[in-house]
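[1] show me how the following folds:
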Amino acid sequence: MDPLQQLIFFVNGRKVVEQHVDPEMMLLPYLRKNLRLTGTKYGCGGGGCGACTVMVSRYNPSTKTIRHHPVNACLTPICSLYGTAVTTVEGIGSTTTRLHPVQERIAKCHGTQCGFCTPGMVMSMYALLRNHPEPTLDQLTDALGGNLCRCTGYRPIIDACKTFCKASGCCQSRENGACCLNQGINGLAELPEGDETSPELYSEEEFLPLDPTQELIFPPELMIMAEKQQLKTRVFRGDRMTWISPVTLKELVEVKFKHPQAPIVMGNTSVGPAVKFKGVFHPIIISPDRIEELCVISQDRDGLTLGAGLSLDQVKDILVAVVQKLPEEKTQTYRALLKHLRTLAGSQIRNMASLGGHIVSRHLDSDLNPLLAVGNCTLHLLSTVGERQIPLSEQFLRKCPDADLKPQEVLVSVTIPCSRKWEFVSAFRQAQRHQNALAIVNSGMRVLFREGGDIIKELSILYGGVGATTIGAKNSCQKLIGR
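    The predicted structure follows:
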């Protein structure tokens with residue numbers, strides 16, 4: 001047996017070893033059909049509803065940290081799970097043992113009706129609590145942004161999950177100890193005098209307490225594997241597809257040179273839906289695994305350089321930290337990117353999708369690319385020939401041959417410059433929903449005024465969703481400069 005074909009990971013604390021892996025299989029059908037774990041539901045199949053949400057945990061041997069994050073099982077290739085621990089709804093509690101506090105509170109708060117979306121809701125909340133045992137309301141609503149429900153109207157689900165927040169209760173803030181339910185707020189009339197009926201469905205004192213020490217630990221065997229793993233490319237061959245996972249940047253470049261037409265897949269949020277819904281087929285897929293150079297984070301006085309392999313959720317956290325440290329005039333582009341990152345897709349997709357994948361895919365409704373383009377960002381490329389830099393410009397987004405990546409090149413990192421004094425950047429996005437919906441139209445806008453702020457010196461506006469590619473409003477910008 002070829003040793004590179006062996007796949008090792010854990011599901012709900014149990015070791016799974018697959019000798020022959022089909023690279024075309026996603027995690028969702030593997031859980032339901034191979035392992036008979038049918039609590040994880042098949043909804044849309046394209047990462048849009050969250051019914052298939054599970055938690056994936058990874059150990060980073062460089063930082064000695066474990067990262068827990070929710071993912072859509074319908075888009076997660078089984079080959080990408082080498083060395084990870086997967087937790088499904090069956091792994092946190094059941095009626096045969098005992099319910100997990102998340103399950104109990106959603107049930108008692110009437111947060112489920114048909115129940116189809118509930119396992120995904122539970123796992124999104126569970127992943128949040130593994131990282132933040134006492135989350136804020138903003139963290140809570142952000143965590144559930146990628147889960148859709150057709151029955152409840154979300155209010156009872158939010159009520160159930162709010163019981164884990166530091167400031168619990170119906171309105172999060174009570175003035176003079178008075179609850180908004182007793183003040184006729186939120187569409188509820190005040191209780192008549194003498195009416196002793198309680199508006200509460202539950203008593204928080206009766207809930208099972210959340211005890212992080214009772215959760216499944218990350219398997220020590222996977223830590224040892226990560227610490228002692230041989231830096232050797234893993235290959236999984238199927239009947240129609242071959243999955244190649246390089247573990248060093250040098251090997252990645254060599255593999256890309258041998259297979260220039262093969263896509264590089266990090267989160268599978270772009271290639272996956274294209275394969276499933278558009279019939280696109282790739283005989284070879286390249287999936288970088290734990291390559292440190294693709295996760296670089298460096299900052300100097302001119303700007304911020306981010307590795308192309310960082311997830312969009314990691315990028316969001318990095319930008320939040322940078323915005324807090326730098327003066328506001330230097331963070332205009334970062335703030336605009338954050339505005340989009342807070343509403344881009346849902347938490348599951350942001351934890352899967354990479355910055356480099358989002359840029360290179362160049363979707364017509366890309367939220368970040370118009371902003372990155374007006375922000376004068378630079379792409380750092382690498383091939384067997386050497387390093388190269390190109391601007392992330394309108395020409396790049398239109399895939400002009402002289403401004404695009406070459407087939408053998410790999411995007412390693414992106415440099416986002418700091419904004420200058422009298423420079424302002426704005427983000428615009430219109431979609432059917434505030435969160436977890438593709439934009440109908442979006443835009444990135446940047447203007448630089450002359451000293452004093454009364455004359456336009458530079459102006460750049462790009463629109464997505466209004467044409468075949470991202471389009472720049474060149475004529476308008478040229479006529480406004482100098483006014």
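[2] which helix or strand lies directly C-terminal to the least confident helix or strand in the chain by mean pLDDT?
    Lowest by mean pLDDT, DSSP states H and E among the helices and strands of the chain is helix 220-228, with a mean of 88. Counting by DSSP states H and E, the next helix or strand C-terminal to helix 220-228 is strand 234-237.
[3] centre of the chain to that next one, how far?
    What separates the centre of strand 234-237 from the centre of its chain is 26 Å, taken as C-alpha atoms, centre = their mean, to the nearest Å.
[4] one more: stretch 128-136?
    17 Å.
[5] contact partners for the closest residue to G453 other than its chain neighbours?
    Sequence neighbours aside, W422 is the residue nearest to G453 in space, at 5.4 Å (criterion: C-beta to C-beta, 6 or more residues apart in numbering). No exception for glycine: its C-beta is placed from N, CA and C like everyone else's. W422 makes contacts with E329, L448, F449, R450, E451, G452, G453, as judged by C-beta atoms under 8 Å, 6 or more residues apart in numbering.
[6] in the stretch 301-450 of the chain, which spans are helices?
    All helices of the stretch 301-450 of the chain, identified by DSSP state H, counting those that start in this stretch, fall at 312-325, 332-341, 347-352, 355-361, 369-374, 394-397.
[7] can you list the domains in this protein?
    Domain segmentation of the chain under automatic domain parsing yields 7-191+200-229, 297-480.
[8] rank those by mean pLDDT and give me the bottom one.
    Comparing mean pLDDT across those, the weakest is domain 7-191+200-229, with a mean of 86.
[9] look up how far L7 lies from the closest residue to E24 other than its chain neighbours.
    Excluding its sequence neighbours, the residue lying closest to E24 (C-beta to C-beta, 6+ apart) is M241, at 5.3 Å. For M241, the distance to L7 equals 15 Å [C-beta to C-beta, to the nearest Å].
[10] what of I284?
    Taking C-beta to C-beta as the measure, I284 falls 18 Å from L7.
[11] among the contacts of W422, who's most crowded?
    Among the contacts of W422, L448 has the most neighbours (other C-beta atoms under 10 Å), with 18 neighbours.
[12] quick revisit: roughly how far does the residue nearest to E24 sit from P263?
    M241 is 12 Å from P263, by C-beta to C-beta.
[13] could you do V71 as well?
    Distance of V71 to P263, computed by C-beta to C-beta: 19 Å.
[14] more crowded one of these two?
    The neighbour comparison of V71 against P263 (other C-beta under 10 Å) goes to V71, with 29 against 19.
[15] would you agree the more buried one falls within a helix?
    No. Assessed with DSSP: H, G, I helix; E, B strand; the rest coil, V71 is strand; it does not lie in a helix.
[16] quick one: contacts for the residue nearest to the spatial centre of the chain?
    Closest residue to the average C-alpha location of the chain: R350 at 1.1 Å, with C-alpha atoms, centre = their mean. R350 makes contact with S311, L312, D313, K316, L341, L344, according to C-beta under 8 Å, 6+ apart.
[17] could you find the closest non-adjacent residue to the second one?
    The spatially closest residue to L312, leaving aside those adjacent along the chain, is R350, at 4.3 Å (C-beta to C-beta, 6+ apart).
[18] T76 reaches T53, doesn't it?
    No. T76 is beyond contact range of T53, at 10.5 Å (criterion: C-beta atoms under 8 Å).
[19] between the two, which has more neighbouring residues?
    Higher neighbour count among T76 and T53: T53, with 33 against 27, using other C-beta under 10 Å.
[20] measure the more buried one to Q103 for me?
    According to C-beta to C-beta, T53 and Q103 sit 14 Å apart.
[21] likewise for Y463?
    From Y463 to Q103 the distance is 45 Å (C-beta to C-beta).
[22] who has more neighbours out of those two?
    Q103 (25 against 17).
[23] doesn't G93 make contact with that one?
    Yes. Proximity of Q103 to G93 meets the contact threshold set by C-beta under 8 Å, at 5.3 Å.
[24] what sits against I66?
    So I66 contacts S57, R58, Y59, N60, F218 (C-beta under 8 Å, 6+ apart).
[25] most neighbours out of those, which is it?
    Y59 (22 neighbours).
[26] just confirm it is within a strand.
    Yes. Counting by three-state DSSP, Y59 is located in a strand.
[27] give the bridge partners for it, please.
    The partner list for Y59 in beta bridges (DSSP bridges) reads I66.
[28] my read: it touches E221, true?
    No. If you go by C-beta under 8 Å, Y59 and E221 don't touch, sitting 10.5 Å apart.
[29] need the residues touching each of these two.
    Here Y59 and E221 have no joint contacts, going by C-beta under 8 Å, 6+ apart.
[30] any idea how far S57 is from T65?
    Using C-beta to C-beta, one gets 11 Å for the distance from S57 to T65.
[31] would you confirm that I78 contacts Y30?
    Yes. Using C-beta under 8 Å, I78 makes contact with Y30 at a distance of 5.2 Å.
[32] what ranges does the stretch 151-300 of the chain have for its helices?
    Using DSSP H, counting those that start in this stretch, helices in the stretch 151-300 of the chain cover 155-162, 220-228, 249-258, 271-278.
[33] what distance do you get for G464 to T76?
    Using C-beta to C-beta, G464 is found at 27 Å from T76.
[34] tell me the SS of the residue lying closest to I471 once chain neighbours are set aside?
    When the adjacent residues along the chain are set aside, I471 lies closest to Y463, with 5.2 Å between them (C-beta to C-beta, 6+ apart). When classified by three-state DSSP, Y463 comes out as strand.
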